[in-house]
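A.B. asks: sequence and predicted model, in that order:
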Amino acid sequence: MYLSANLKYLRKKSGKTQDGLSAELKIGRTTIANYESGISEPNVETLCAFAKHFNVSVDDLVSKNLEVDALIINAAETGQPFIDPKANKTGTFTGVPRVITVDKEGIDNIIYVPVKARAGYLLGYGDAEFMEQLPTFRLPGLSNATYRMFEVEGPSMAPNILNGDRLIGEWVENLNDIRDNRVYIVVHSGGVAVKRVINRLKERGKLYLKSDTIAHRHDFPTIEIDPADISEIWYGRLKISSDFSEPSEVYQRLGDLEMDMLELKQKLTPGDPTISLKKPD
């Protein structure tokens, strides 16, 4: 069954956004997104509405891969080789978020995933009912992509990202777009990881997740990840933190230096009985 892929392909081919198609067909944007992600399926009436809108038969919309058929026809007409557009897709990574939510204006919300919801998120990131229970919000300047916010747990990214910080990530559509040494939120079979990523997909077919911490580096070794184990990946764009603590090591050194200087000045003060400036005989 190719319904979800066909809906996305036909919508993009017609140059429409999900918002635009939603307005024309009077169908909620979240509903269309879920249809395209395969989370839910339209009823017969809605299916007919899609078929009529895109000028295809219901049977073709459901049972044929229209994108591949179009490419095969084009290849035959032009003499060019046929390339399957899904050939570079690996494992469970689909290239689209499984579920998104929108506000009253049809703009994507930012879904917040706290630490306590991580276990449920790993099981329910494709469950519309579960996702709708998570907090959502909007931020100015974050409106031209799909974003998600995750609460950070543990010291693995200290001192740059601390335990309890919130990291807002932008959806990564293609794993090949991952840039070395940038911070990403990787949702994979082992959990939700906030790490710097090294992209070695072309050379070794793997991604490598590494931590920033020095103090705890032995507790957080570099992790090798197979693309087949990745369900979502988000590029870190914004950090929200309530931590205003001093950079302890630098401030500690400065504080010690100030105390040493004060003690030295006191000892050099004339009349101080604790020190003699007389030259020895």
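C.D. replies: Nice, I can see it.
A.B. asks: list the buried ones in stretch 123-135?
C.D. replies: 124, 125, 126, 128, 131, 134 (16 or more other C-beta atoms under 10 Å). Every C-beta, even on glycine, is put in place using the N, C-alpha and C of the backbone.
A.B. asks: and what of stretch 154-171?
C.D. replies: By 16+ other C-beta under 10 Å, the buried positions in stretch 154-171 come out as 154-158, 161-162, 165-171.
A.B. asks: other residues contacting it?
C.D. replies: Under the criterion C-beta atoms under 8 Å, 6 or more residues apart in numbering, residues 97, 110, 112, 139, 142, 145-153, 183-185, 194-195, 211-213, 215-216, 219-220, 232, 234-243, 247 lie in contact with stretch 154-171.
A.B. asks: stretch 208-225 now?
C.D. replies: The set of residues external to stretch 208-225 that reach it, using C-beta under 8 Å, 6+ apart, is 155-161, 186, 188, 190, 193, 195-198, 200, 206-207.
A.B. asks: tell me where the model's unsure across the stretch 51-200 of the chain.
C.D. replies: 71-92, 94-96, 103-106, 126 (pLDDT under 70).
A.B. asks: where do the helices of it begin and end?
C.D. replies: Ranges of helices in the stretch 51-200 of the chain, per DSSP state H, counting those that start in this stretch, are 58-63, 66-78, 118-124, 128-132.
A.B. asks: now the most centrally placed residue in the chain: how far from residue 219?
C.D. replies: Centroid-nearest residue in the chain, with C-alpha atoms, centre = their mean: residue 234, separated by 1.3 Å. According to C-beta to C-beta, to the nearest Å, residue 234 and residue 219 sit 24 Å apart.
A.B. asks: go on, residue 99?
C.D. replies: Using C-beta to C-beta, residue 99 is found at 33 Å from residue 219.
A.B. asks: repeat that for residue 58.
C.D. replies: 56 Å.
A.B. asks: mind checking which of those two has more residues around it?
C.D. replies: residue 58 (14 against 11; other C-beta atoms under 10 Å).
A.B. asks: hmm, back to that, got the confidence number for the residue nearest to the centre of the chain?
C.D. replies: pLDDT for residue 234: 97.
A.B. asks: okay, and the beta partners of it?
C.D. replies: Under DSSP bridges, the beta-bridge partners of residue 234 are residue 171, residue 185.
A.B. asks: so who does it touch?
C.D. replies: Residues in contact with residue 234 (C-beta under 8 Å, 6+ apart) are 147, 148, 150, 169, 170, 171, 172, 184, 185, 187.
A.B. asks: possible to save those as a markdown table with distance to residue 264?
C.D. replies: Below are those laid out as a markdown table (distance: C-beta to C-beta, whole Å):
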| residue | distance to residue 264 |
| --- | --- |
| 147 | 54 |
| 148 | 55 |
| 150 | 50 |
| 169 | 51 |
| 170 | 53 |
| 171 | 58 |
| 172 | 56 |
| 184 | 50 |
| 185 | 50 |
| 187 | 56 |
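A.B. asks: list only buried entries from the contacts of stretch 154-171.
C.D. replies: 97, 110, 112, 142, 146-153, 183-185, 194-195, 211-213, 220, 232, 234-236.
A.B. asks: quick one: which of these sit in strands?
C.D. replies: 110, 112, 147-151, 183-185, 194-195, 232, 234-236 (DSSP state E).
A.B. asks: give me the nearest residue to residue 176, chain neighbours excluded.
C.D. replies: Distances taken as C-beta to C-beta, 6 or more residues apart in numbering place residue 201 nearest to residue 176, at 6.3 Å, with adjacent residues excluded.
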